[in-house]
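Visitor: how does the following fold in three dimensions:
(2 chains)
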Amino acid sequence: DSGVTQTPKHLITATGQRVTLRCSPRSGDLSVYWYQQSLDQGLQFLIQYYNGEERAKGNILERFSAQQFPDLHSELNLSSLELGDSALYFCASSVGITGELFFGEGSRLTVL
Amino acid sequence: DQQVKQNSPSLSVQEGRISILNCDYTNSMFDYFLWYKKYPAEGPTFLISISSIKDKNEDGRFTVFLNKSAKHLSLHIVPSQPGDSAVYFCAASSRAGGTSYGKLTFGQGTILTVHP
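Guide: Numbers count the residues shown, from 1 in each chain, chains lettered A, B, ... in the order given. Modelled structure (predicted):
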């Protein structure tokens, strides 16, 4: 158990819909990261928040957005969903800005 | 453009022997390298890391070697155990431009199977 909690574990929805994935970081961790793992792209960095502020951005689509709240939990919002958005979405956290991340179990999104 | 490559999709090793997993990178700005292990239905778990100022880092049965001139790193597991069977991901990061080390670029992974 990494201490990072992600909900929901599984989500099935239709094209065009919007979903929200939630992440609670390890106690005390200020950084939250979102990664997407798809079959053809592997693990891809999406975005990082540090203590409520966006810190780094990867190839995150404009249809996707994220935020980190004062209690340090984070949400990833995916809108106008397409079939290609089907993937495993991982949240990770760390104390500072090191690469030693603690990953949650992931949220598996299936878009039909 | 795959900046971190793990060219071996799978590796099979006998228990007690050495497992060597390889990783190549192309981006010379990378200065921090990590290995993660992943079991099915779980998130990746951090194993070991190495900074570009070193060429070797050891932690118990795990040793990571970095060859900067060849842009190559490897993970050695000695001795290998059946519980080591998992997918191993190589990852790289850079602080260039003030970015975070948590912005990792991952390889595609190598499935390690350790036979009893």
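
Visitor: B:Phe33 versus B:Ser80, what's the distance?
Guide: 21 Å (C-beta to C-beta, to the nearest Å). Bear in mind the C-beta positions are built from the backbone N, C-alpha and C, glycine included.

Visitor: go on, A:Asn51?
Guide: Distance of A:Asn51 to B:Phe33, computed by C-beta to C-beta: 26 Å.

Visitor: ok, the two, which is more surrounded?
Guide: Higher neighbour count among A:Asn51 and B:Phe33: B:Phe33, with 25 against 11, using other C-beta atoms under 10 Å in any protein chain shown.

Visitor: right, and the more buried one touches B:Leu73 too?
Guide: Yes - when contacts are counted by C-beta atoms under 8 Å, B:Phe33 is listed as touching B:Leu73 (5.4 Å).

Visitor: what do these two both touch?
Guide: B:23, B:25, B:50, B:64, B:66, B:90 (C-beta atoms under 8 Å, 6 or more residues apart in numbering or on different chains).

Visitor: with adjacent residues omitted, what lies nearest to the residue of chain A found nearest chain B?
Guide: When scored by C-beta to the nearest C-beta, chain A has A:Phe103 as its residue closest to chain B, at 3.0 Å. Distances taken as C-beta to C-beta, 6 or more residues apart in numbering or on different chains put B:Gly43 closest to A:Phe103, at 3.0 Å, once the chain neighbours are dropped.

Visitor: now for B:Ser12, how many residues are close by?
Guide: 11.

Visitor: give me phi/psi at it?
Guide: When read as degrees, to the nearest 10, the backbone of B:Ser12 gives phi -120, psi 130.

Visitor: how close does the residue nearest the centre of chain A sit to A:Gln41?
Guide: With distances taken as C-alpha atoms, centre = their mean, A:Trp34 lies nearest the centre of chain A, 3.4 Å away. For A:Trp34, the distance to A:Gln41 equals 14 Å [C-beta to C-beta].

Visitor: cool, B:Leu73 as well?
Guide: Distance, B:Leu73 to A:Gln41, using C-beta to C-beta: 22 Å.

Visitor: quick one, which of the two is more surrounded?
Guide: Neighbour count, other C-beta under 10 Å: between B:Leu73 and A:Gln41, B:Leu73 has more, with 24 against 14.

Visitor: enumerate every residue touching the residue in chain B positioned nearest to chain A.
Guide: In chain B, the residue that lies nearest chain A is B:Gly43 (3.0 Å; C-beta to the nearest C-beta). By C-beta under 8 Å, 6+ apart, the contact set of B:Gly43 is A:2, A:4, A:90, A:92, A:103-106.

Visitor: and chain A, which residues reach chain B?
Guide: Proximity of chain A to chain B (C-beta under 8 Å from any C-beta of the partner chain) is limited to residues A:2, A:4, A:31, A:33, A:35, A:42-45, A:48, A:50, A:55-56, A:58, A:90, A:92, A:94, A:97-106.

Visitor: thinking again about what came up before, just flag the most distant two among the shared contacts of B:Phe33 and B:Leu73.
Guide: Distance extremes for those: the farthest pair is B:Tyr25 and B:Val64 at 13.2 Å, using C-beta to C-beta.

Visitor: between the two, which contacts overlap?
Guide: Residues touching both B:Tyr25 and B:Val64 (C-beta under 8 Å, 6+ apart) are B:33, B:73.
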